[in-house]
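Peer 1: this one's structure only:
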Ligand SMILES: O=C[C@H](O)COP(=O)(O)O
């Protein structure tokens, strides 16, 4: 179970990798546009910030297979290790996944709303599939059930693809997607923080400090 940050905000990425066991970053065109900055220099800054040991999944913007492949090859050469070209599961995207697979470039299938899209992406050679849990819930679907079905199809048919749960809006969706078999989760930093923070944890720590300080004061007893 891996945890990624779904953001292109450098401050959030720095804070996230400093505090938490973050294994990488995912972006899409909306996330980049929100930063309103130069796309390529921001992607390079993200890569420099996370290093080569963490994954980076960057989405293409082309709508034709040739354009997607051209973008993918360029970004892959620029980013080096641990890079995934994130491609929507439109027909031209599936074609691009096949071509990139034949060129040895790793891809992540995104904008997934149905399990059959994952079957298609897996056969086309994608390494990850990103179902949009909250966007499915928003159309009165069941995002977690889609993850469950995807996980079942992957294991039943021994497909070589991992589930990268995306589009989360609350902790419950993340919790249930993990139970449903999501291999990796991507979420913005504020949501990742809700996975750690709990009022009773905070209250317990506060009580420890009060009781310690009532006897020993604020100083530690260690002789560093
Ligand atoms: O690229 C995938 C994002 O996780 C989509 O998230 P969103 O539904 O919050 O825009």
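Peer 2: Happy to help now that I have it. A quick note: this is a predicted structure, and the numbers were derived from the prediction, not measured.

Peer 1: the spatially most central residue of the chain bridge partners, please.
Peer 2: By C-alpha atoms, centre = their mean, the chain has its centre lying nearest to residue 186, at 2.8 Å. Listed by DSSP bridges, the beta-bridge partners for residue 186 are residue 4.

Peer 1: thought residue 7 was touching it, still the case?
Peer 2: No: using C-beta atoms under 8 Å, residue 186 makes no contact with residue 7, being 9.0 Å away. Heads up, the C-betas are built off the backbone N, CA and C, glycines and all.

Peer 1: circling back: next up, the contacts around the residue nearest to the centre of the chain.
Peer 2: Counting by C-beta atoms under 8 Å, 6 or more residues apart in numbering, residue 186 touches 3-6, 26, 57, 130, 164-166, 168.

Peer 1: which residues of this protein lie near the ligand?
Peer 2: When proximity is defined as C-beta under 6 Å from any ligand atom, the chain approaches the ligand at 6, 28, 110, 132, 134-135, 166-167, 186.

Peer 1: and the helices in the protein, which stretches?
Peer 2: With DSSP state H as the criterion, the chain has helices at 10-19, 29-35, 39-50, 65-79, 91-102, 115-124, 133-138, 143-156, 171-179, 189-194, 199-216.

Peer 1: run the chain-centre distance for the second one.
Peer 2: Averaging C-alpha positions (C-alpha atoms, centre = their mean, to the nearest Å) puts helix 29-35 15 Å from its chain's average.

Peer 1: output the contacting helices and strands for that helix.
Peer 2: For helix 29-35, the packing partners by 3 or more C-beta pairs under 8 Å, 6 or more residues apart in numbering; DSSP states H and E come out as helix 39-50.
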